[in-house]
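Peer 1: here is a sequence together with a model predicted from it:
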Amino acid sequence: MHLSLVPAAAPPRIPPHPAAHVPFPTPTEPTWALPAIARLLGVHMRSAKWQARYVEQLIANAGFPRPLPMMKGEGLTHGILPRRSRWMPAGVTAWLGDQIPAEAAEALDSQAATEAADRLDAAAENLFGGDAA
């Protein structure tokens, strides 16, 4: 039996899915595209066609906001064009906020308030050297 001291070749590296790097949209963007909305909804790993059908179902059945009208040919379309459709952030964030149960929203608000108070206390302590009380 002959043992080799040469390490075995590393397995081939599987490249990440292209949608894995879609960033979350920022509130400062004037409009949001379908990939950013899919990211918020947790379906960004699906195809653009699937994402469009999913959002169409949300519009039809769950009150999700429609995209801004777009020119298609000689007229306006209110449908989803996967590479071109844009949404107003305020409508999307309001819809998402309505999907969270009231208890969970209150807990998130309470947690955010506690974290903000902790940050203020730490800043005051740094500023006044512990004599802020």
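Peer 2: Okay, I see it. Residues are numbered from 1 along each chain as shown.
Peer 1: can you tell me the SS state at Ala122?
Peer 2: helix (DSSP: H, G, I helix; E, B strand; the rest coil).
Peer 1: neighbours of it, how many?
Peer 2: Residues contacting Ala122 under the criterion other Cβ atoms under 10 Å number 10. (Glycine included, C-beta is placed from N, CA and C.)
Peer 1: and if you look at Pro89?
Peer 2: With other Cβ under 10 Å as criterion, Pro89 counts 18.
Peer 1: need the nearest residue in space to it, chain neighbours excluded.
Peer 2: Leaving out its chain neighbours, the residue that sits closest to Pro89 by Cβ to Cβ, 6 or more residues apart in numbering is Trp32, at 5.5 Å.
Peer 1: I'd like to know how far the residue sitting nearest the centre point of the chain sits from Ser110.
Peer 2: With distances taken as Cα atoms, centre = their mean, Leu40 lies nearest the centre of the chain, 2.8 Å away. In this view, Leu40 and Ser110 are 23 Å apart by Cβ to Cβ, to the nearest Å.
Peer 1: low-confidence ranges, this structure, go.
Peer 2: Residue ranges of the chain with pLDDT under 70: 1-12, 14-23, 27, 101-102, 104-105, 108, 130-133.
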